[in-house]
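# Just a sequence and a predicted model for now, questions to come.
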Amino acid sequence: MPDQLQEFLDIPKDFVKEGSQFLNRCTKPSRREFIKISQAVGVGFLVMGAVGYLVKLIHIPVNNILVGGA
């Protein structure tokens, strides 16, 4: 029984230990790296927006044909 309790109590302790190791290993991105990531995210937003717009553009006429303009 005490072994199970000890194992149960070790889980949060290990989590905190691994979390602190992770945060210590993290570094702030350089300005160049930040700009590159921001550009990639921006391009992703534009591509996903264009795809959504095209799907909507195709969906409206097809829906009108199927429903009959109701």
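On my side now, so go ahead.
# in what helix or strand does the residue nearest the centre of the chain lie?
Among the residues of the chain, the one closest to the centroid is residue 41, at 11.0 Å (C-alpha atoms, centre = their mean). Assigned by DSSP states H and E, residue 41 belongs to helix 31-67.
# which helices and strands does that helix pack with?
Under the contact criterion of 3 or more C-beta pairs under 8 Å, 6 or more residues apart in numbering; DSSP states H and E, helix 31-67 touches no helix or strand at all. From N, CA and C alone the C-beta is placed, and that goes for glycine too.
# How many residues are close by residue 30?
When neighbours are defined as other C-beta atoms under 10 Å, residue 30 has 9 of them.
# Over to the one 4 residues further on?
As a burial measure, residue 34 scores 11 neighbours (other C-beta under 10 Å).
# remind me which residues of this structure are low pLDDT?
Residues of the chain meeting the criterion pLDDT under 70: 1, 69-70.
# hmm, try it at 90
By pLDDT under 90, the weakly predicted segments of the chain are 1-12, 60-70.
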